[in-house]
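# Return atomic coordinates for the entry below.
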Amino acid sequence: MAASLEKLVTLYDPRSPVAEAYRTLRTNIQFYGLDNPIRTILVTSTSPEEGKSTTIANLAVTFAQAGQDVVLVDCDLRRPTLHQYFELAMEPGLTTVIRDDSEPASVLQDTKVEGLRLMASGALPPNPSELIGSQRMGRIIADLREKASIVLFDSPPIVAVTDAAILARKVDGVVLVVSIGRTKRDHAIKAREILEKANARILGAVLNNVKVDSSLYRYYSS
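Below is the predicted model of the structure:
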């Protein structure tokens, strides 16, 4: 199995405590949106290598497993990885739709998970922030929101570049991913400040790299 596929624990090890944690995240988001439905969600991190893409890919799988019609969009136009997770092509994708003003549905790829489609990044542009902030991007988000139960957007780290802050203004909610032993405290504080200045609806944070209690694993595997 490819290394990227192994990261989809919700698909290949669904009874593990890690997979259960992703399902708990999905449930918490659903409860959070009882009065004000959450249909578009941005997942970002403070810095690279904190697990945001792994988090959003597994979250997308759990929503699809719950019977939702899910679209996963790779808005990391600098270091896209979601197409690798699902063994799909990087092109055509988001930048194709923006460049050609084509229908978003035309570049959606079916994944191995029923109910989950991917819009890959497309060819990497020289001006990611400008594309993300364009009016066309806003129309793409609105179009996908009408055609799917939930739309999940992966973005670059929010402290590193402006892309995530721009996107945060356009979606219903934001999930911030941090990692034990990697995320710096001042970066986490800065990330929250950026989101608050963008008037983003912060749904919460995901803590990665937590040591799993082996007794819990035995329980879920029994």
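# from here on, contacts and neighbour counts on C-alpha atoms
Noted.
# any idea how far the helix of greatest length in the chain is from the chain center?
The longest helix of the chain (DSSP state H) is helix 17-32. Per CA atoms, centre = their mean, to the nearest Å, the displacement of helix 17-32 from the mean C-alpha position of its chain is 14 Å.
# Dump it to CSV, restricted to CA.
Provided in CSV are the C-alpha atoms of helix 17-32 (Å, rounded to 0.1, in the frame of the first residue of the first chain):
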residue,chain,number,x,y,z
PRO,A,17,-9.0,4.7,18.2
VAL,A,18,-7.4,7.2,15.7
ALA,A,19,-10.2,6.6,13.3
GLU,A,20,-12.7,7.0,16.1
ALA,A,21,-11.1,10.3,17.0
TYR,A,22,-11.8,11.6,13.4
ARG,A,23,-15.4,10.4,13.7
THR,A,24,-15.7,12.3,17.0
LEU,A,25,-14.4,15.4,15.2
ARG,A,26,-17.0,15.0,12.6
THR,A,27,-19.8,14.7,15.2
ASN,A,28,-18.6,17.7,17.1
ILE,A,29,-18.7,19.8,13.9
GLN,A,30,-22.2,18.6,13.2
PHE,A,31,-23.4,19.5,16.7
TYR,A,32,-21.7,22.9,16.4
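# Show me what that helix is packed up against.
In this structure, helix 17-32 packs against helix 9-12, helix 52-65, helix 214-221, with contacts taken as 3 or more CA pairs under 8 Å, 6 or more residues apart in numbering; DSSP states H and E.
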